[in-house]
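Predicted coordinates and the sequence they were generated for:
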Amino acid sequence: MAEKKVKKPARHIKTVTKTQKNTVPKKKNMTETAQKKEPLTTKSDRNSLQKDKNTWMLSTAVLAILLIASMFTGGFNFNKSNDYDTTIDRIDTLLSSATTSEAKTALTTAKEELTTALVAEKKMITSPKNTVKTNNIDDSDKPVTLDMYVMSQCPYGVQAEDGAIPAVKRLIDSVDYNIYFIANENGDGTFSSLHGQPEVDENLRQVCIIDKYPDQALDYITCLNKNYRNAETAWKTCATANNIDINAINTCQTGDEGKALLSESTKKSKSVGASGSPTIYINDKPYQQGRDTQSFTRAICQLAPENPACDSIPTCSSDADCTKTGFVGKCIDANTETAKCEYTQPPVVNIKVLNDETCDGCDTATFNSINEQIFINIEITTVDVSTTEGKALLAELNPQVIPVYLFDETVLESSEYPRLAQFFTKKGDYYMLSSEIVSQYISSPKLVGRDTITNKLDLFVMSECPYGVQAENNMKEVIDTFGNNMNFSIHFIATDNGDGTFSSLHGQKEVDENIRQVCAIKYAEDTYFDYILCQNKNYEAGQDLGTTWKTCATETSIDVETIDTCFTGDEGKELLRANIALTNELGIGSSPTFLVNNQVKFGGALPADEIKTNFCAVNKDSEGCETTLSTNTNIAPSGAC
């Protein structure tokens with residue numbers, strides 16, 4: 001196969017934060033009568049979460065944010081002269097290149113955000129007022145409305161709140177700040193949320209506090225966010241510190257009033273397509289800047305420059321504030337009175353992609369587009385593994401998975417390289433990009449040098465990862481459909497500390513349940529999956545799995561004593577150690593990850609029909625492939641731990 005070269009013209013990219021629009025029901029505005037105070041410096045717990053994550057997870061987050069950022073900039077200029085239908089058609093054109101479930105989800109979300117923004121813009125052009133009413137309060141004297149859609153125990157939502165609240169307090173005369181919640185109504189008077197029942201409970205408390213104590217709501221949230229993972233016990237301390245009646249909030253939370261408030265809030269979130277926390281809109285347009293206080297302050301001041309507090313805002317606080325089509329912007333003397341933006345044209349970055357033309361799931365169009373958005377000016381050469389050069393590269397690099405992205409020394413000249421350097425490995429004359437990043441944007445990357453095992457499907461999870469739990473739940477329908485025509489196995493992701501102990505992203509309780517589940521797999525081959533599904537219900541209800549496992553074992557005809565002996569002895573440790581060895585061998589660190597026929601990987605909490613489609617892509621003759629399965633899932637399908 002001949003080499004294929006694609007020269008990409010320079011295109012502008014603005015690094016921004018993924019956002020979506022939201023509006024929440026409010027009888028009172030919590031910033032309407034809040035005291036004017038200087039910004040408070042709060043610390044997010046995000047660092048502690050990220051410290052425990054695998055490096056490649058961080059890299060995926062970086063590229064995902066950049067992808068969404070590119071959707072909001074570069075190709076779209078929201079102004080009154082735009083033809084809206086044409087702009088949406090251009091979004092659809094970008095969507096047509098998406099091949100993976102992850103990319104499709106991200107791009108579809110971006111389209112929803114952009115479409116909502118376009119509709120809002122069009123309404124503003126034809127409306128006699130330049131604002132959209134979101135409540136019954138006359139806030140026409142406030143030129144800025146900041147709507148934030150969050151999950152109360154999402155670290156990223158917490159980070160956004162901690163950044164926004166000091167800015168809102170500083171500019172209280174100019175901004176109307178609304179917080180709304182992302183959750184699901186179950187139809188029986190209960191709710192479910194990504195982080196379990198404790199998050200639902202805190203969502204309920206916060207809608208009650210926002211409704212009943214708008215003056216104190218921001219201070220309560222700031223207090224609680226310092227210990228949001230322990231909201232069940234911390235909330236009373238924060239309520240008391242802010243003169244909030246605990247009994248009144250308890251009554252509201254547990255009664256019909258709280259349910260009605262949260263129901264209205266979640267309906268607003270769904271009406272604007274908010275599924276990711278945080279989703280942020282400012283004056284009914286997607287918020288495109290950082291989540292720190294300075295970024296929120298600058299965004300508000302751009303819309304309300306008459307506020308005296310805006311006089312001291314510098315021109316830029318980071319490179320993200322400096323944008324110009326076709327150029328790379330740099331903020332000089334950031335956050336000072338002399339701050340200014342300087343622009344340079346980016347150098348050409350050469351990329352060589354090693355790929356296999358026989359691999360149906362190895363299309364690189366989407367990831368090529370992402371690299372174009374990041375490095376702006378790129379030249380891509382594709383080399384097939386069947387060619388002389390391809391075979392030589394395989395022998396030299398010995399990659400685990402293809403496609404392989406190889407950058408030459410020109411990447412060192414890119415302004416993006418210092419930030420992304422940790423994701424490259426020097427291999428001879430090349431800088432090889434982490435395969436874990438690449439694999440997130442390839443439909444079904446192919447493992448190299450592994451034997452084919454037909455009709456085999458392996459699932460790699462963490463037992464207390466919400467996305468892994470959802471993938472397991474969705475697998476039930478798949479297993480019921482294929483039966484003995486599918487050889488299905490579950491494996492667990494963790495770290496062997498080398499001293500007889502293990503660690504996992506969600507702590508020791510997850511390690512313990514991992515061990516119990518590998519024991520159940522060994523000793524209850526026919527019913528272990530029923531046990532896992534039973535424990536998943538307990539996890540989603542916010543229960544401690546260490547206290548519920550015996551009940552689930554008994555209900556699924558698994559001998560409790562056998563599992564307990566395996567769990568407390570060396571046997572369970574050896575079983576988990578074998579799982580870890582396999583995940584390390586395959587380079588798998590994300591929950592959930594699927595492996596088809598011992599060669600083809602795909603990921604995400606996908607609905608049953610998508611799991612089936614990926615399986616049948618390489619097992620076309622399997623009985624069950626002709627069946628249409630569920631296409632819905634209760635969680636973001638692109639998510640992973």
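Nice, I can see it.

pLDDT on stretch 477-490, on average?
Stretch 477-490 shows a mean pLDDT of 96 in the predicted model.

Pull the distance from that stretch to the chain's centre.
28 Å (CA atoms, centre = their mean, to the nearest Å).

Give me the contacts around that stretch.
Residues from elsewhere that reach stretch 477-490 (CB atoms under 8 Å, 6 or more residues apart in numbering): 453, 455-461, 472, 475, 517, 521, 529, 532, 608, 611-612, 615, 622-624, 627, 629-630. Bear in mind the C-beta positions are built from the backbone N, C-alpha and C, glycine included.

cutoff 7 Å now
For stretch 477-490, contacts defined as CB atoms under 7 Å, 6 or more residues apart in numbering pick out 455-459, 461, 521, 608, 611-612, 622-624, 627, 629-630.

Now a ChimeraX select for only the buried ones of the residues you listed.
In ChimeraX syntax, the buried subset of the contacts of stretch 477-490 is picked out as below (16 or more other CB atoms under 10 Å):
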select :455,456,457,458,459,461,521,608,611,612,622,624,629
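
Could you break the protein into its assigned domains?
46-313, 346-439, 450-616 (automatic domain parsing).

could I get those domains as JSON lines with distance to residue 323?
Below are the domains of the chain laid out as JSON lines (distance: least, CB to CB, whole Å):
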{"stretch": "domain 46-313", "distance to residue 323": "7"}
{"stretch": "domain 346-439", "distance to residue 323": "12"}
{"stretch": "domain 450-616", "distance to residue 323": "31"}
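
Figure out which of those domains is closest to residue 320.
The closest approach between residue 320 and any of the domains of the chain, judged by CB to CB, belongs to domain 46-313 at 6.1 Å.

Find the nearest non-adjacent residue to the residue positioned nearest the centre of the chain, please.
The residue lying closest to the centre of the chain (CA atoms, centre = their mean) is residue 639, at 5.4 Å. The shortest distance from residue 639 to any non-neighbouring residue, by CB to CB, 6 or more residues apart in numbering, is to residue 467 (4.4 Å).

okay, the one you found: pLDDT?
pLDDT at residue 467 comes out at 92.

where in the stretch 501-641 of the chain is pLDDT low?
Flagging of the stretch 501-641 of the chain using pLDDT under 70 yields the residue ranges 633-638.

swap that for the chain, sorry
Within the chain, the stretches with pLDDT under 70 are 1-141, 633-638.

Now do the helices in the stretch 351-500 of the chain.
365-375, 388-397, 417-420, 435-439, 466-482 (DSSP state H, counting those that start in this stretch).

For residue 332, give me its contacts.
Counted by CB under 7 Å, 6+ apart, residue 332 has contacts 339, 340, 342.

Make TSV from the helices of the stretch 351-500 of the chain and add distance to residue 511 and mean neighbour count to it.
TSV is the format used below for the helices of the stretch 351-500 of the chain (distance: least, CB to CB, whole Å; neighbours: other CB atoms under 10 Å):
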stretch	distance to residue 511	mean neighbour count
helix 365-375	34	22
helix 388-397	34	14
helix 417-420	32	14
helix 435-439	22	24
helix 466-482	14	22
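
Looking at those helices, which is nearest to residue 509?
The closest of these to residue 509 is helix 466-482. By CB to CB, the value is 13.8 Å.

what about that closest one, distance to the chain center?
On the basis of CA atoms, centre = their mean, helix 466-482 sits 20 Å off its chain's mean C-alpha point.

Specify which member of the contacts of stretch 477-490 is nearest to residue 321.
For those, the nearest to residue 321 is residue 461 (40.0 Å; CB to CB).

In contact with the closest one, which residues?
Residues counted as contacts of residue 461 (CB under 7 Å, 6+ apart) are 468, 471, 472, 490, 492, 493, 591, 592.

Now it: closest residue in space that isn't a chain neighbour?
Closest residue to residue 461 apart from its sequence neighbours, by CB to CB, 6+ apart: residue 468 at 3.3 Å.

Provide a list of residues in contact with the closest residue to residue 429 other than its chain neighbours.
Excluding the flanking residues, the one nearest residue 429 by CB to CB, 6+ apart is residue 408, at 6.7 Å. Taking CB under 7 Å, 6+ apart, we find residue 408 in contact with 350, 429, 430.

still on that earlier bit, quick check: the residue nearest to residue 639 touching residue 640?
Yes - here residue 467 lies in contact with residue 640, judged by CB atoms under 7 Å, at a distance of 5.3 Å.
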